[in-house]
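>>> Below are the sequence and a predicted model for it; my questions follow.
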Amino acid sequence: MRFRGCAWLALSSLLWLSLAAGTRPRYGGVLSVDLPAGWTTLNPTEPAADLTAQSEREAILPLVAETLVRLNSKGDAEAALAVNWQRDADRKRWRFSLRSKVAFHDGEPLTGANVAPVLLAALKKRYVDVSVFAGGQTVAIQSEHSMPDLLTELADLHAAIFRTSDKVPLIGTGPFRVAALEPGRRLELAAFDDYWAGRPFLDSVNIITGQTKTPADIIALPIGPSRRILPERMRIWTSVSHDLIAVVAGNVPVPAVQALELSVDRVPIVNVLTQRRGEAAFGLLPQWLSGYGFLFASNPDVSHAKAVLGQTRITPISLSYSANDSLARLVAERVALNARDAGLTIEPTPNANGSLRLVRIPLKSTDPVAVLAVIAEFLGIPEPTLNASRPETLYEFERSLLESHKIVPIVHLPEIYAVSPRVHDWDAAQKDRGFTLHLENVWVDP
């Protein structure tokens, strides 16, 4: 009996080890990713072709280049390339201690000397009189004016620390280095063996852009009526809603914008055009981010829209949309149809010089204050001092943006990916990490 018991125990142990080995992360392998937009550069200081291409670039960039701090799911700053920081009471002077033993992909160590010029160029766009001083493994940032939101600025990818060379388009400190780039077609990333947080499991990541028939492990799925045939057993992963599709008004009479606000019917846009993947956007922030989005909800009121227009004679208004965004074209056509019911003639066009513009704004932060600041800057409206701990101040400012009649929110969209069964730890890697592709802890079967 003892022999049988020992034999059974040994067999059970072998079985357990076999099962554990089947789920244990492994090093090696190539992950292929298919993205729809054909961006041509990773450099965040260079313009992207459109907002979709910019959003995809910002999803990929953190794999290569990192920032001093990053924001967690609560919008709080966490250590990244900087391990700690101090500031004076007026928030005019900040001091950051850099992480030790961090190297760029070409082997050069990270120091204050090579961080300071990158930060100065990035921060000058927001703080005109800012100065950046380097000293060993520290960086000091100083201005004559208060910089209360400096941490949010430093967490943005426009403040990523990187260099360029004739041979390599982007040299950063991230978990992957650029191995090859064919602009508009393919980007190959190789694991960085000396990454400060530990080598990623994957050997490399092959990102293909603008191709819809290439088999891949991760496939970004555009939202809209069009369908794509996926390989068997792939599962669908959906993020929280964050991209905002909205109409932005240029030189348009206020009554016309008010009539548009009252006439847009978002329900068919969500149910038909996004196939119920999107959420009706009555406010600028999605409900999950603000907690008060439902307060802006309303039903279309064509009679009120006609009354607002009254006897005002308004010539046809052009509505621009991105020529390579099929969903944007359909939304623009639906908006024009709704406006016509109110007596307002809107002509959708792929030309970029429309008096109205249908835009896709990536709400890429989990901090509502930061998101509203981005939208206010986009609209050319000064940003007030906001406090995330007081939702009423956020609500009041968001309402003021809506009442400026410069923007009409239409729909919030999530990101949707098809994920191959050979990809492991995808969900854990993406959870609470903002809106970027985090592949440093993802691994694949052979």
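Yep, that arrived.

>>> List the beta-bridge partners for residue 31.
Note on residue 31: beta-bridge partners by DSSP bridges are residue 205.

>>> what's the neighbour count on it?
With neighbours defined by other CB atoms under 10 Å, the count for residue 31 comes to 24. Just so you know, the C-beta spots here come from the backbone N, C-alpha and C atoms, and that holds for glycine as well.

>>> now do residue 374
Using other CB under 10 Å as the criterion, the residues surrounding residue 374 number 19.

>>> just residue 223 next, same as before
20.

>>> Secondary structure element for it, which one?
Using DSSP states H and E, residue 223 falls within no helix or strand.

>>> ok, it - contacts?
Residue 223 makes contacts with 274-275, 277-278, 327, 413-414, 416, as judged by CB atoms under 8 Å, 6 or more residues apart in numbering.

>>> list the contacts for the residue nearest to residue 123 when sequence neighbours are not counted?
Excluding the flanking residues, the one nearest residue 123 by CB to CB, 6 or more residues apart in numbering is residue 130, at 4.8 Å. By CB under 8 Å, 6+ apart, the residues touching residue 130 are 120, 123-124, 141-143, 147.

>>> how about a cut-off of 10 Å?
92, 119-120, 122-124, 141-145, 147, 150 (CB atoms under 10 Å, 6 or more residues apart in numbering).

>>> Mind checking which of the residues you listed land in strands?
Among those, the members found in strands (DSSP state E) are 141-142.

>>> As CSV, the contacts of residue 130 with pLDDT, neighbour count and distance to residue 322 would be great.
Formatted as CSV, these follow (pLDDT from 0 to 100; neighbours: other CB atoms under 10 Å; distance: CB to CB, whole Å):
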residue, pLDDT, neighbour count, distance to residue 322
92, 96, 17, 41
119, 96, 22, 32
120, 96, 17, 33
122, 93, 22, 27
123, 94, 21, 30
124, 92, 13, 30
141, 97, 25, 36
142, 97, 16, 40
143, 96, 20, 37
144, 94, 10, 40
145, 92, 12, 36
147, 93, 21, 34
150, 93, 25, 33
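
>>> Let's have the contacts of residue 130 in CSV, adding distance to residue 26.
Listed next are the contacts of residue 130 as CSV, based on distance: CB to CB, whole Å:
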residue, distance to residue 26
92, 50
119, 38
120, 43
122, 38
123, 42
124, 45
141, 42
142, 48
143, 48
144, 54
145, 52
147, 45
150, 41
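
>>> which one of the contacts of residue 130 is nearest residue 75?
Taking CB to CB as the measure, residue 150 is the one of the contacts of residue 130 closest to residue 75, at 14.4 Å.

>>> Not counting its neighbours along the chain, what's nearest the closest one?
residue 94 (5.8 Å).

>>> Please give the element, helix or strand, for residue 386.
Following DSSP H and E, one finds residue 386 outside all helices and strands.

>>> Look up phi and psi at residue 331.
Per-residue torsions, residue 331: phi -70, psi -40 (degrees, to the nearest 10).

>>> circling back to that earlier point, can you point out the helix or strand that includes the residue nearest to residue 150?
If you go by DSSP H and E, residue 94 is part of strand 93-98.

>>> Then residue 257?
With DSSP H and E as the test, residue 257 turns up in helix 254-263.

>>> And that helix, what's buried?
Buried residues in helix 254-263, counting neighbours by 16 or more other CB atoms under 10 Å, are found at 255-263.

>>> same for it, what does it pack against?
strand 243-249, helix 302-309, strand 317-320, helix 326-341, strand 346-349, strand 356-361, helix 391-403, strand 407-413 (3 or more CB pairs under 10 Å, 6 or more residues apart in numbering; DSSP states H and E).

>>> Tell me which of those is the most buried.
strand 407-413 (a mean of 25; mean count of other CB atoms under 10 Å).

>>> That concludes my questions; thank you for your assistance.
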